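Trainee: Following is a predicted model, sequence given first.
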Amino acid sequence: MLKTGKLLRLRRLSLAGDDRHLLVPLDHSVSDGPIVPADKWDDLLRALVAGGADGIIVHKGRARAFAPDILRSCALVVHLSASTARSADVHAKVLVADVEEALRLGADAVSVHVNIGSDTEAQQLADLGAVARSCDAWGMPLIAMVYPRGPRIEDPRDPDLLAHLANVAADLGADMVKTSVALPIDRMAEVVANSPIPVLAAGGPPDGSDLVEYGAAVMATGCQGLAIGRRIFSAPSPAALVSRLAAVVHGVPGGNGITDDMRMTNYSTIVAGVA
């Protein structure tokens, strides 16, 4: 039985109340560097909220810098893991914050990153388990970002591997799992069918093709949401793109260019060149 606090916070992660989620990760400023100039952060956040994002994902320091009114209709997820592109091992994620800090910031959820197949997988799994224990104590939803990355991974898009990762997240106490999309895309349905918890699809099409069509294809496999960062915050109009993706995620028929026929397409080939 989930605690009342966790249920309330989970409800705030879905604006439409349909248990579907469009999350925008903005934690790239730690891993890769600035995503927008410092004086444009509030503008970016307001654009994401105006477009209908269900939640944004940031590190604790960035969350402290928000104008208080920005997230009135958008959930806050505080990311607890970090590494940089300049590390000796870019796949080694470490905890840089805890659940109590996230609660003090008003977070609706926390997220933890685990790279299965990396040299530090064991420590990352231990960290996920420890955070899950704290989340249970405080009634905080936990999103596990679990990816197949490192020297022991041969095919990061293998549906059997991704199903394994989803079960790792569930078994260690996560409420949702964010992971890569299987190829061909229609086989993501196997990952969803084998996951005890909701699956959020990470990123966009690997060939850079239409993001909205790709989102429709992924959602049609049974995923309960999208978690897309770079393709959104680097777009000419983040608000417009988020609005179209929100229509896809929350099932608005024909919304913003998405047609019912598109949803009935063969989703293994909807993104040209991906399969």
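Mentor: Good, I have the coordinates.
Trainee: got the contact list for the most centrally placed residue in the chain?
Mentor: Closest to where the C-alpha atoms of the chain average out (CA atoms, centre = their mean) is A227, at 3.3 Å. Listed by CB atoms under 8 Å, 6 or more residues apart in numbering, the contact set of A227 reads H21, L23, V24, P25, I57, M145, K178, L200, A201, A202, G203. Just so you know, the C-beta spots here come from the backbone N, C-alpha and C atoms, and that holds for glycine as well.
Trainee: Roughly how far does it sit from S234?
Mentor: Noted for A227: a distance of 16 Å to S234, by CB to CB, to the nearest Å.
Trainee: same check, this time on L8
Mentor: Taking CB to CB, one finds L8 at 33 Å from S234.
Trainee: Please apply the same query to V94.
Mentor: 27 Å.
Trainee: E101 is in what secondary structure piece?
Mentor: E101 belongs to helix 99-104 when assigned by DSSP states H and E.
Trainee: That helix packs against which elements?
Mentor: When contacts are defined as 3 or more CB pairs under 8 Å, 6 or more residues apart in numbering; DSSP states H and E, helix 99-104 sits against helix 121-138.
Trainee: Okay, strands next: where are they in this protein?
Mentor: Counting by DSSP state E, one finds strands in the chain at the ranges 21-25, 55-58, 75-79, 81-82, 94-95, 109-116, 142-148, 176-179, 199-202, 225-227.
Trainee: what does the fourth one contact?
Mentor: By CB under 8 Å, 6+ apart, the list of residues contacting strand 81-82 from outside reads 27, 30-31, 59, 93-96, 111-114, 124, 127, 145.
Trainee: Filter those residues down to the buried ones, PyMOL style.
Mentor: Buried subset of the contacts of strand 81-82, written as a PyMOL selection, criterion 16 or more other CB atoms under 10 Å:
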select buried, resi 27+30+31+59+93+95+111+112+113+114+124+127+145
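Trainee: which of the contacts of strand 81-82 lies closest to E154?
Mentor: Set against E154, the nearest of the contacts of strand 81-82 by CB to CB is V114 (18.5 Å).
Trainee: contacting residues for the closest one?
Mentor: 81, 93, 121, 124-125, 127-128, 144-147, 168-169.
Trainee: Just list whatever residues bridge to it.
Mentor: V146 (DSSP bridges).
Trainee: Offset the numbering so it begins at 111, please.
Mentor: All set: I'll call the first residue 111, so the last point we hit is now V224.
Trainee: ok, it to Q233 distance?
Mentor: 10 Å.
Trainee: Equivalent analysis for H189, please.
Mentor: H189 is 17 Å from Q233, where distance means CB to CB.
Trainee: any low-confidence regions in the stretch 261-385 of the chain?
Mentor: 363-385 (pLDDT under 70).
Trainee: Stretch 154-172: how far from the chain's middle?
Mentor: 12 Å (CA atoms, centre = their mean, to the nearest Å).
Trainee: looking only at pLDDT, what's the mean for it?
Mentor: Stretch 154-172 comes out with an average pLDDT of 97.
Trainee: Tell me which residues of it come out buried.
Mentor: By neighbour count on 16+ other CB under 10 Å, the buried set for stretch 154-172 is 154-159, 161-170, 172.
Trainee: thinking again about what came up before, need the strands of the chain in TSV with distance to G325, can you?
Mentor: Converted to TSV, these look like this (distance: least, CB to CB, whole Å):
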stretch	distance to G325
strand 131-135	9
strand 165-168	16
strand 185-189	19
strand 191-192	25
strand 204-205	31
strand 219-226	20
strand 252-258	18
strand 286-289	14
strand 309-312	8
strand 335-337	5
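Trainee: between the ones you listed, which one is nearest to M298?
Mentor: Ranking the strands of the chain by distance to M298, with CB to CB as the measure, places strand 309-312 first at 7.1 Å.
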